[in-house]
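**Student:** pasted the sequence and its predicted model underneath.
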Amino acid sequence: MLKGMDGRRRVVTAADRAAHMAGLRVGMPLTKAQALVEDLAVYNANPDGDRDALERLAGWALQTYSPVVAADPPDGLILDITGADHLHGGEAVLLDGLIRRLSDQGIEATAAIADTWGAAHALARFVARPTVIIPPGDSAKVVRNLHAAALRLPLNLVESLCVLGFETVGDLASQPRAPLVHRFGRELSRRLDQMFGYLAEPVDPVDLPDVTEVKRVFFEPIGAPETLARYTAKLTEELCDALEARGEGARQLDLYFVRVDGRIEAIRVGTAKPVRDTARLTRLLCDKIETVDPGFGIERMRLIATLAEPLVMTQTSSHEEAGPDLASLVDILSNRIGGERIYRLTAIESDVPERSVRRTSPLTSTDNGWPAHWPRPIRLFRRPEPVLLLAALPDHPPGALTWRGARHRVVSADGPERIFGEWWKHDNETWAVRDYFRVELDTGERLWLFRNGDGEDADPDKHKWFLHGMFA
Amino acid sequence: MAKPAFENLEALRRHVQLLEGSRRAAGVLPFGIERIDARLPGGGLTLGALHEVAGRDQGVVDGAAAALFVAGIAARTKGHVLWCLTQADLFAPGLAQAGLDPQRVICVEAGDEKSVLLCCEEALRHGGLGAVVAEVSRLSLTASRRLQLAAENTRTLALALRRWGKVKEAAEFGLPTAAVTRWRIASARSHALPVAGIGTARWRLELLRCKGGDAAEFDVEARYGQAGLALSAPLADRSAAAAVAARRDGFRAAS
């Protein structure tokens, strides 16, 4: 349990789960808490330290997830993931990854994705177990059922609202606004509007310490895509000069467009290797300018190298022909469709076909291969497809098979090739056996079938046949 | 206007090419099989141009035979191969056995066909790759022309691997595109072996359309123990038949 000062009183500012069970609540006087629980472990709260840690966490999230991240004190982070989620495999994957990474660090967190800051704030604290994703446009409906405390209001205001019978956000939202403002002040009205998105609430991204940054303020707001591209090029040039002075290359760039109405549009590009090439970085940034909505105009642009690494110059020889630079292509493509979607396939040692391939970075090169003495299909189905057939046990190939409702006659076959389960990975694979057959149909197609089970057991239910790939 | 004089057909062809504005200085990629290369203008697949490949019957859905054919072509180019797909069912050990080292292949798993085409166009413009493969079902005339234009002036081979969700949808393969050649690959029955088992894999290659050439059909079979194709026995004046017979004798001796 943590204690802190509220004016001149000593109060409880945070209580862990055990303390909650014992009846302690945040805001309770410390003396009352100590009276309730014997041997209460009391520590001094350190609000400044907490804020610093939150800022650091926001900095990490900014580098990892989205260009627009801010600390939401005292206990939250706000991420604007517009246009960033698909680079992390979608909203659900992003959220789960975030929660998992935080829990690896010993931070128990809940998270929500919603239309507005206010709604996400409320849902993360009152609904998420540990995550919740509200589809676009549905936030307003969902938040109406939340308790009034979800509105980011001072504690005493919430209490007085409850006394008057305003239990939920919906109760408040359906009231005429003027008397509410008259009685409770503007704060309540502002929070309500922010939650429902009537009032804009821009997220001001956290400042990272020790990064290269260039900015430009415009006399007149600009908005034409060509103008944006021109100034992007100028800023990139300045940034490259600044990076050169530090001997670094950029791995990730964030370009912020501050609009006249205070909203911040951001684009982010990443590179596979540190880059300080103006033309290449400009190209990457300009590729994304079309996603920026300039609104009534943009009055400020900031370009920040959020990730930079020392750029090592390599000596090149004029005698050797330089190979084509793949990194530039990979950067362009990965900024467009996401870095995980571009990969090279390499071997890992496993007899189970679907486990024998691993995805690696497109720019690394390893030289391990697969054993070549067994034929392998060119297409492997993600999920083996069940086929119906009759075959003699223990190891005879089938004479015909029914796949996707069509019957095919088998002309010739090779096999079986027996593959055992990997008992060292999963317990239930200890006795798993697959017998693979290569069969040729009368139409000429060559398929890769397998039978689950070793063929020793006469029970037909234990021998299921699957189609796993196509040889052609 | 004075008509330019042409001594022979070759000079006329060059002149037409000049008028068309396509710079065919990039050269060709021969199959290494005389019968096929003789049918293709220039003696092989034109580099820096778009070529279209599809399967037949069930093969238009799984795209296995077409993928094998494309992998075989890409293997003979120099440099990296970019393979853009929407459905990640390409099996790397199979690629390796088709002769294409998976280390050379960069897979791009795009979300939809539109981004497949965009990624391929970008990769073709880059110009440093050996081949770029696009696995798409729809390929409009505009889209194919964009690919063709991006491929021109480079030595990159643009390969469109057409595959559809249903066999019926493959009727679209008849629609015109800007591709220089159009192939249909069908698996064929292998020659029966004297013992139980599957013989050497055989395919029927149909050259449906060929700019500056005629349509043709070829029966080919896999070369034993190595990547690449060989003409199958009837077409190749039974020269491969001797090898088959020799192997058959080998089997007999062993058994």
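**Tutor:** It's in.
**Student:** rest of the way, CA atoms for contacts and neighbours
**Tutor:** Fine.
**Student:** what residues of the helix or strand harbouring A:Leu235 count as buried?
**Tutor:** Using DSSP states H and E, the element containing A:Leu235 is helix A:225-246. Buried residues in helix A:225-246, counting neighbours by 16 or more other Cα atoms under 10 Å in any protein chain shown, are found at A:Leu228, A:Ala229, A:Thr232, A:Ala233, A:Leu235, A:Thr236, A:Glu237, A:Glu238, A:Leu239, A:Cys240, A:Ala242, A:Leu243.
**Student:** hmm, the second one is touching A:Lys288, no?
**Tutor:** No - distance between A:Ala229 and A:Lys288: 9.9 Å, which falls outside the contact criterion (Cα atoms under 8 Å).
**Student:** the stretch 151-255 of chain B: helices as residue ranges?
**Tutor:** For the stretch 151-255 of chain B, helices defined by DSSP state H, counting those that start in this stretch occupy the ranges B:239-254.
**Student:** so where is it shaky, pLDDT-wise?
**Tutor:** By pLDDT under 70, the weakly predicted segments of the stretch 151-255 of chain B are B:224-255.
**Student:** and it, which residues reach chain A?
**Tutor:** For the stretch 151-255 of chain B, the contact set with chain A under Cα under 8 Å from any Cα of the partner chain comprises B:Ala186, B:Ser187, B:Ala188, B:Arg189, B:Ser190, B:Ala196, B:Gly197, B:Ile198.
**Student:** give the contact list for A:Asn428.
**Tutor:** For A:Asn428, the contact set (Cα atoms under 8 Å, 6 or more residues apart in numbering or on different chains) is empty.
**Student:** picking up where we left off before, and the buried residues of helix A:225-246, which two are the farthest apart?
**Tutor:** Of all pairs drawn from these, the widest gap by Cα to Cα lies between A:Leu228 and A:Leu243 and measures 21.8 Å.
**Student:** mind listing residues that contact stretch A:229-237?
**Tutor:** A:Val214, A:Lys215, A:Arg216, A:Thr278, A:Leu281, A:Thr282, A:Leu285, A:Cys286, A:Ile289, A:Leu303.
**Student:** 6 Å instead?
**Tutor:** A:Thr278, A:Thr282, A:Cys286 (Cα atoms under 6 Å, 6 or more residues apart in numbering or on different chains).
**Student:** cool, stretch A:143-158 as well?
**Tutor:** A:Ala122, A:Glu167, A:Thr168, A:Val169, A:Gly170.
**Student:** most neighbours of all the residues you listed, which one?
**Tutor:** Counting neighbours by other Cα atoms under 10 Å in any protein chain shown, A:Ala122 leads the contacts of stretch A:143-158 with 24 neighbours.
**Student:** and that residue, what is it in contact with?
**Tutor:** A:Ala150.
**Student:** what about the helix or strand harbouring it, distance to the chain center?
**Tutor:** A:Ala122 is part of helix A:117-126 when elements are defined by DSSP H and E. Centre-to-centre, helix A:117-126 and its host chain are 18 Å apart (Cα atoms, centre = their mean, to the nearest Å).
**Student:** ditto for stretch A:329-338
**Tutor:** With Cα atoms, centre = their mean, you get 17 Å for stretch A:329-338.
**Student:** likewise for stretch B:169-183?
**Tutor:** 13 Å.
**Student:** export it as CSV, just CAs?
**Tutor:** What follows is stretch B:169-183 as a C-alpha-only set of coordinates in CSV (Å, rounded to 0.1, in the frame of the first residue of the first chain):
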residue,chain,number,x,y,z
GLU,B,169,-13.3,-18.5,-62.6
ALA,B,170,-10.4,-19.5,-64.6
ALA,B,171,-12.4,-18.7,-67.8
GLU,B,172,-10.9,-15.2,-67.2
PHE,B,173,-7.6,-16.5,-68.5
GLY,B,174,-8.9,-15.9,-72.0
LEU,B,175,-9.1,-12.2,-71.5
PRO,B,176,-6.4,-10.1,-73.1
THR,B,177,-3.4,-8.9,-71.1
ALA,B,178,-0.2,-7.2,-72.0
ALA,B,179,1.8,-10.3,-71.3
VAL,B,180,4.4,-11.3,-74.0
THR,B,181,3.8,-15.0,-73.5
ARG,B,182,1.0,-16.9,-71.9
TRP,B,183,1.5,-20.5,-70.7
